[in-house]
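1. Sequence unavailable; structure follows:
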Ligand SMILES: [Zn+2]
């Protein structure tokens with residue numbers, strides 16, 4: 001077999017399924033490091049780039065445009081393909097409620113989800129994310145609003161016919177099953193629900209229907225490598241210069257892939273699972289062809 005960058009099989013896409021980049025941080029330069037380490041494709045999730053919580057739809061419009069144009073720059077400047085993932089961040093709802101009140105904050109959230117759904121339908125984004133619930137306890141009325149917001153997100157994904165990337169507290173196997181039931185009840189197949197930032201192995205996660213996106217820590221990657229697809233690897237890189245080392249570096253996924261390729265013979269073949277099969281199953285396209293390529 002011919003080999004490409006970093007001893008990886010030629011033609012094997014190397015995919016980080018969840019990261020954030022910022023025009024105020026390293027931006028495309030981080031993607032260039034990812035590329036130099038052997039990375040080829042990123043799923044680029046939006047974020048509040050100026051640190052302020054959006055309180056008007058225009059704020060989200062500007063935020064989403066920033067993510068889309070950053071993805072374009074990454075492709076042009078580094079050759080790395082960045083697939084865009086857009087949604088109002090679940091915690092935004094709580095912060096916006098402080099100034100707007102809960103009903104208006106919820107309405108803003110709904111409009112921002114509609115906007116993100118439109119970006120998916122017009123092929124500028126491939127999924128809604130991050131959606132979900134705060135990862136910390138909140139007052140009862142806010143928890144209720146967060147539940148409603150998540151329901152709106154599931155409905156928006158169903159209507160846009162796309163996956164959701166879920167932000168929540170850590171989930172065990174029961175939590176995965178409950179999440180799958182919740183999505184199914186909202187009309188979104190569990191197989192289009194990705195739990196991002198999974199920090200421990202969910203044994204035979206595929207049987208729960210919901211898809212884990214595992215943090216690419218060395219021992220966790222080793223532990224999940226033989227799991228059946230679909231599952232992903234991610235860094236959740238934050239590109240925040242004020243918090244260096246807060247999360248895994250963007251070069252981590254290709255480095256892990258290269259270490260696997262240099263290790264036990266044949267193990268590298270397992271990587272077609274997270275990098276190709278899983279993208280095909282969850283997103284409906286091959287990572288190297290993109291959403292405009294031939295459908296499955
Ligand atoms: Zn994230």
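-> Right, received. Where do you want to start? Nothing here was measured: the structure is a model prediction, and the numbers come from that model. Residues are numbered from 1 along each chain as shown.
2. Pretty sure residue 210 sits against residue 174.
-> No: between residue 210 and residue 174 there is no contact under CB atoms under 8 Å: 11.3 Å. Heads up, the C-betas are built off the backbone N, CA and C, glycines and all.
3. Can you mark which positions in stretch 225-238 are buried?
-> 225, 227, 229-238 (16 or more other CB atoms under 10 Å).
4. How far off centre is that stretch?
-> How far stretch 225-238 lies from its chain's middle: 10 Å, per CA atoms, centre = their mean, to the nearest Å.
5. Please enumerate the helices of the stretch 51-200 of the chain.
-> Under the criterion DSSP state H, counting those that start in this stretch, the stretch 51-200 of the chain contains helices at 57-78, 90-100, 102-121, 140-160, 173-185.
6. Residues touching the first one, excluding its own?
-> By that I understand helix 57-78. Contacts with helix 57-78, where a contact means CB atoms under 8 Å, 6 or more residues apart in numbering, come from 21-23, 27-28, 31-32, 34-35, 42, 44-49, 52, 54, 80-84, 86, 88, 108, 111-112, 115-116, 119, 124-125.
7. Narrow those residues to just the buried residues.
-> Buried members of the contacts of helix 57-78, scored by 16+ other CB under 10 Å, are 21-22, 27-28, 31-32, 34-35, 42, 44-49, 54, 80-84, 86, 88, 108, 111-112, 115-116, 119, 124-125.
8. what's the spacing between stretch 22-34 and its chain's center?
-> That offset, for stretch 22-34, works out to 17 Å (CA atoms, centre = their mean).
9. Between the two ends of that stretch, what distance do you get?
-> In terms of CA to CA, to the nearest Å, the two terminal residues of stretch 22-34 are separated by 15 Å.
10. List the contacts of it.
-> By CB under 8 Å, 6+ apart, the surrounding residues in contact with stretch 22-34 are 16, 21, 39, 42, 47, 49-50, 66, 70, 73-74, 77-78, 80, 82, 237-241, 249-251, 253-254.
11. again, 6 Å this time
-> Contact with stretch 22-34 is made by 21, 49, 73-74, 77-78, 80, 239, 241, 250-251, as judged by CB atoms under 6 Å, 6 or more residues apart in numbering.
12. hey, where'd the strands end up in the stretch 151-296 of the chain?
-> 164-167, 193-198, 211-215, 232-234 (DSSP state E, counting those that start in this stretch).
13. how much space is there between residue 195 and residue 116?
-> 19 Å (CB to CB, to the nearest Å).
14. again with residue 153
-> According to CB to CB, residue 153 stands 9 Å off from residue 116.
15. got any residues that touch both of those two?
-> residue 128.
16. So which bits of stretch 154-165 are buried?
-> 154-158, 160, 162-165.
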